[in-house]
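Asker: sharing a sequence plus its predicted fold:
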Amino acid sequence: MSRKGGILLVGGLGRQAPQYRALVEGYGYELVYRERRVLSEPPAALAAVLVITSVVSPALRQNAARVAELARVPIVYLRAATVEAVRRALNEALGVPGEALLLATHNPGKVAELTALVQAPRIKTLSDLGLPEPVEDGATFEDNARLKATAAHEASGLWALADDSGLSVDVLHGAPGVDSAYYGGLPRCEEKNRQALLRALMAYKTPEERRARFHCVLCLRGPGGVEVVRSGTLEGHVAHAPRGTGGFGFDPLFVPAPQELAAVGLPAGLTFGELSAEDKHRLSHRARACAAMVPVLRERLRKEQASR
């Protein structure tokens, strides 16, 4: 058997078998699907057994339990035959706890920063669960953060935290704004984005003319329709050339305002790209949004864990 092993799904709806398969393969496993047939022996390299009790006979349910016992793997029972219900059962079988926090992004830079700033005890990402990011077609950072958090929560059943952030330049009427990740066109490329921004600002020379700010909006979605939104901003300007190798995106071009750097004991003129991760986390727009969100997040996760 290929991949990490097999997930035996007993029951379900035959017409949804391709969706079940895509879900399981997204986690790195192979689906072994049995809608009505009885198994005599466990498949090789079995990792877990999922049983949809509402659509299987008592005999088949007992047989599935015997297979799980022989293979010494976890078995999870669920009633609904939906893909979402199977995903939640798969999370449970694979040890993704219900109080885990799902970061609704594939961006490795955001994952690294949010993981460091949030410091939740159990963090998963969209990549861990094989989930895609939705199309970000909102008109504002908040629109996109809500869209991403909602999609991640509904697909996984976990608490989901989404970040939408970007750079707004006054003289460009707020651009790149919500298009920050694609400012240089498709396919997405950070270097192309930086060069496109520098070209757009060629006629503007002074820091005042190149004034800009980083925005970050966080949205937390959880069970029962819970939704919390927090934001943070940081003033500065766009440098004339990239400096430094730290961070990601527009970081090598963004110079925080002198008073912002001075407030954390740093000299004026440094770009985000020239700061250590620790120094950036002391003043960034994302750090400010997280500082407002973390108390809410920790309380929500604490209550979720206590209720289990």
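Answerer: Structure's in. What do you need?

Asker: does Glu209 touch Leu172 like I think?
Answerer: No. Applying CB atoms under 8 Å as the test, Glu209 and Leu172 come out as separate, 10.8 Å apart. To be clear about C-beta, it is placed using only N, CA and C from the backbone, and glycine gets the same treatment.

Asker: so which of those two has more stuff around it?
Answerer: For Glu209 versus Leu172, the count of surrounding residues by other CB atoms under 10 Å is larger for Leu172: 18 against 14.

Asker: contact partners for that one?
Answerer: By CB atoms under 8 Å, 6 or more residues apart in numbering, Leu172 lies in contact with 200-201.

Asker: other SSEs contacting the lengthiest helix in the chain?
Answerer: Using DSSP state H to assign secondary structure, the helix with the most residues in the chain is helix 285-306. Here helix 285-306 touches helix 108-118, strand 159-169, strand 211-221, strand 227-238, going by 3 or more CB pairs under 8 Å, 6 or more residues apart in numbering; DSSP states H and E.

Asker: tell me who's in contact with the residue most central in space within the chain.
Answerer: Nearest to the mean C-alpha position of the chain, by CA atoms, centre = their mean, lies Ala104 at 1.9 Å. Neighbouring residues of Ala104 by CB under 8 Å, 6+ apart: 126, 133, 148-149, 151-152, 160-163.

Asker: now with 6 Å, please.
Answerer: Ala104 sits next to 148-149, 152, 160, 162 when contact means CB atoms under 6 Å, 6 or more residues apart in numbering.

Asker: and if you look at Gly157?
Answerer: Contacts of Gly157 by CB under 6 Å, 6+ apart are Arg88.

Asker: how close does it sit to Leu297?
Answerer: Using CB to CB, to the nearest Å, Gly157 is found at 17 Å from Leu297.

Asker: so which residues of this structure form strands?
Answerer: Remark: strands assigned in the chain by DSSP state E are 6-10, 30-34, 46-52, 75-78, 101-103, 123-125, 159-169, 211-221, 227-238, 254-256.

Asker: show me how far stretch 17-35 is from its chain's centre.
Answerer: A distance of 22 Å separates the centroid of the chain from that of stretch 17-35, by CA atoms, centre = their mean, to the nearest Å.

Asker: can you give me the helices for the stretch 51-200 of the chain?
Answerer: 58-71, 83-93, 108-118, 126-129, 141-156, 190-200 (DSSP state H, counting those that start in this stretch).

Asker: can you pull the pLDDT of the residue nearest to the centre of the chain?
Answerer: According to the prediction, Ala104 has pLDDT 94.

Asker: got it, and Pro97?
Answerer: Reading off the model, Pro97 has pLDDT 55.

Asker: swap in Leu101?
Answerer: Per-residue confidence (pLDDT) for Leu101: 87.

Asker: domains in the protein, as residue ranges please.
Answerer: Per automatic domain parsing, the structural domains of the chain span 6-93, 101-306.

Asker: now the weakest link among those domains, please, by mean pLDDT.
Answerer: Mean pLDDT, when computed for each of the domains of the chain, is lowest for domain 6-93, at a mean of 85.

Asker: that one: how far from the chain's middle?
Answerer: With CA atoms, centre = their mean, you get 26 Å for domain 6-93.

Asker: what is the end-to-end distance of it?
Answerer: 12 Å (CA to CA, to the nearest Å).

Asker: list the contacts of His106.
Answerer: His106 touches 126-127, 133, counting by CB under 6 Å, 6+ apart.

Asker: list only buried entries from the residues you listed.
Answerer: Leu126 (16 or more other CB atoms under 10 Å).

Asker: tabulate the contacts of His106 (a markdown table), appending distance to Ala262.
Answerer: Putting the contacts of His106 into a markdown table (distance: CB to CB, whole Å) gives the following:
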| residue | distance to Ala262 |
| --- | --- |
| Leu126 | 38 |
| Ser127 | 38 |
| Glu133 | 37 |
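
Asker: what's the closest of the contacts of His106 to Arg87?
Answerer: Within the contacts of His106, proximity to Arg87 (CB to CB) peaks at Leu126, which comes in at 12.5 Å.
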